[in-house]
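Participant: Prediction below, plus the sequence it came from.
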Amino acid sequence: MVPQLDLKAEYSEIQSQIKKRVIRFFKSGRYILGPEVEALERNFAKFIGTQYAVGVASGTDALLLPLMAYDLKKGDEVITTPFTFIATATVIARLGAKPVFVDIEADTYNLNPDLIERKITSKTRGIVVVHLYGNPCRMREIQALAKRHKLFVIEDCAQACGAVYRNKRAGSLSDAGAFSFYPTKTLGAAGDAGMIITNIKKIYETIKSLRHHGDDGRHHAYNHVRIGINSRLDEIQAAVLNVKLKFLPKWNRQRQSHASYYDERIEKLKNSDIVLPQTTPNSSPVYHQYVLRVKNGKRDQFLSRLRNAGIQAAVYYPTPVHLQSCFGYLGYRKGDFPVSEQAAKEVLSLPLYPQIKKSHQQAVINTLSSL
Ligand SMILES: *Cc1c(COP(=O)(O)O)cnc(C)c1O
């Protein structure tokens, strides 16, 4: 059995530190917005290279809250990719605004900057980009466009924690970066958690208020200056994340090294159905997923052969967002975003995580070599 991911292997690497920190947390009696959250916000902002960070309850809320801070409303439009996890687009819709999709690049699966401009209207307020699978978008082009049209840019960094583009970390390349610490992400909590980072003081202060019922910054004054939500990051999650953040650079290097191992071995198979993952120039991706493209209609055959061999391969994502029934009201049809639709039929994620054994990678390669 070759698992897609093994969180127990990760835990065994860090268990003594986690135990100490979690016991200290229980003994402190501080369970909400205490020293662990404050330390994590400081450590995380420093790690990414931004001024401010706000811990929140999930990656989804980390996307929602900056949009609330930009006062996104009914009638507004926000440009984003149809090839992502559903949450990237639903947060826009939840505020009554309209997600406007733009197709992806065939090689990186990220939003195609060359196709954005023609979708900008007088109602467009911003762009939400996704660094899919941990590989950064072409942010230079996207930022130039946003400046020209006075649009905000938010990065969905749920899969790109620690990734680098032109010597800056993902999340620091725009107005705000949204991170998920869902357990399977490159930096994962022991449950749900998220973080927003920004260099804009006003956005920081607004988000900090919004996550705590729109209070005026004094938590127990019960004075509410805007309509907020409850989206706090739990102290216990912050305690776990403060331990794990120190391991992240090493874990990301291991992911990169395992990805090169796959690259070299799979290249040698000279299988004309397989296209290796392509990365954005001048970037250092973190391989949240290692994704092959399997052409000629053979993806599902590859998937079932791998699964029959006990290898947990997976597909992220089988249905593009514009074709999800929850977005039926937007009126999109099959064929509207051909590059995304083709990708949904051809992508295949192989098992990859920092602690993966070489023998498991070799088993994957052996199975691929028989196809
Ligand atoms: C995981 C993920 C999210 C949502 O994060 P949660 O913490 O599960 O709410 C959003 N966008 C992308 C691209 C993701 O991978």
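Facilitator: Great, that's in hand. Note that the structure is predicted; figures quoted are calculated from it, not measured.
Participant: Could you check how far stretch 271-278 is from the centre of its chain?
Facilitator: In this view, stretch 271-278 has its centroid 24 Å away from the chain centroid, taken as C-alpha atoms, centre = their mean, to the nearest Å.
Participant: Which parts of it count as buried, going by neighbours?
Facilitator: Along stretch 271-278, these residues count as buried under the neighbour rule (16 or more other C-beta atoms under 10 Å): 271, 273, 274, 275, 277. The way it works is simple: take the backbone N, C-alpha and C, and place the C-beta from them, glycine included.
Participant: Which members of these are positioned in strands?
Facilitator: Secondary structure of these is defined by DSSP state E; positions in strands are 274, 275.
Participant: list the contacts for the closest residue to the ligand within the stretch 51-200 of the chain?
Facilitator: Each residue of the stretch 51-200 of the chain has a distance to the ligand, by C-beta to the nearest ligand atom, and the smallest belongs to residue 59, at 2.4 Å. With contacts defined as C-beta atoms under 8 Å, 6 or more residues apart in numbering, the neighbours of residue 59 are 87, 158, 178, 179, 180, 181, 182, 185, 194.
Participant: which stretches of this structure have low pLDDT?
Facilitator: Regions of the chain meeting the criterion pLDDT under 70 are absent.
Participant: Skipping its backbone neighbours, what lies nearest the residue of the stretch 51-200 of the chain closest to the ligand in space?
Facilitator: Distance criterion C-beta to C-beta, 6 or more residues apart in numbering; nearest residue to residue 59, sequence neighbours excluded, is residue 180 at 2.3 Å.
Participant: was I right about that neighbour contacting residue 58?
Facilitator: Yes. Residue 180 is within contact range of residue 58, at 6.6 Å (criterion: C-beta atoms under 8 Å).
Participant: which one's the longest strand in this structure?
Facilitator: strand 124-130.
Participant: Strands of the chain, start to end?
Facilitator: In chain order, the chain shows strands spanning 52-56, 77-80, 98-101, 124-130, 152-156, 164-165, 168-169, 176-180, 194-198, 274-275, 283-284, 290-294, 347-350, with DSSP E as the criterion.
Participant: The residue nearest to residue 59 - how many residues pack around it?
Facilitator: Using other C-beta atoms under 10 Å, residue 180 is surrounded by 29 other residues.
Participant: Next: residue 305.
Facilitator: Going by other C-beta under 10 Å, the residues that sit close to residue 305 add up to 16.
Participant: Same check on residue 211?
Facilitator: Taking other C-beta under 10 Å as the neighbour definition, residue 211 ends up with a count of 26.
Participant: measure the nearest residue to residue 97 once chain neighbours are set aside to residue 119 for me?
Facilitator: Sequence neighbours aside, residue 76 is the residue nearest to residue 97 in space, at 4.2 Å (criterion: C-beta to C-beta, 6+ apart). With distances defined as C-beta to C-beta, to the nearest Å, the gap from residue 76 to residue 119 amounts to 14 Å.
Participant: more crowded one of those two?
Facilitator: Between residue 76 and residue 119, residue 76 has the larger neighbour count (other C-beta under 10 Å), namely 18 against 14.
Participant: Let me know whether that one touches residue 100 as I believe.
Facilitator: No. Under the contact definition of C-beta under 8 Å, residue 76 does not touch residue 100, with a separation of 10.1 Å.
Participant: Find residues that contact each of those two.
Facilitator: Shared contacts of residue 76 and residue 100, counting by C-beta under 8 Å, 6+ apart, come down to residue 124.
Participant: Any figure for the gap between residue 286 and residue 165?
Facilitator: Look at residue 286 and residue 165: by C-beta to C-beta, they are 11 Å apart.
Participant: got the phi/psi numbers for the residue lying closest to residue 74 once chain neighbours are set aside?
Facilitator: Take residue 74 and drop its neighbours on the chain: the residue closest to it by C-beta to C-beta, 6+ apart is residue 96, 3.5 Å away. Summarising the backbone geometry of residue 96 under the convention degrees, to the nearest 10, its torsions are phi 90, psi 0.
Participant: Show the contacting residues for residue 96.
Facilitator: With contact set as C-beta under 8 Å, 6+ apart, residue 96 has these partners: 72, 73, 74, 75, 76.
Participant: I figured the fourth one hits residue 124, correct?
Facilitator: Right, the one you point to is residue 75. No. Taking C-beta under 8 Å as the contact criterion, residue 75 and residue 124 are not neighbours in contact, 11.2 Å apart.
Participant: which of these two has more neighbours?
Facilitator: Legend: neighbour count by other C-beta under 10 Å for residue 75 and residue 124, higher for residue 124 (19 against 10).
Participant: in the sheet, who's paired with that one?
Facilitator: residue 77 (DSSP bridges).
Participant: Could you state which residue of this protein sits nearest its centroid?
Facilitator: Averaging the C-alpha coordinates of the chain gives a centre point, and the residue nearest to it by C-alpha atoms, centre = their mean is residue 158 (1.9 Å).
Participant: Hmm, it is touching residue 178, no?
Facilitator: Yes. Taking C-beta under 8 Å as the definition, residue 158 is a contact partner of residue 178 at 6.9 Å.
Participant: Now for the two: what residues contact both?
Facilitator: Counting by C-beta under 8 Å, 6+ apart, the common neighbours of residue 158 and residue 178 are 59, 62.
Participant: Would you mind confirming that residue 212 is in contact with residue 232?
Facilitator: Yes. Between residue 212 and residue 232 a contact is recorded at 6.4 Å, counting by C-beta under 8 Å.
Participant: for the ligand, what are the nearby residues on the stretch 101-250 of the chain?
Facilitator: Contacts of the stretch 101-250 of the chain with the ligand, taken as C-beta under 6 Å from any ligand atom, map to 130, 156, 158, 159, 180, 182, 192, 194.
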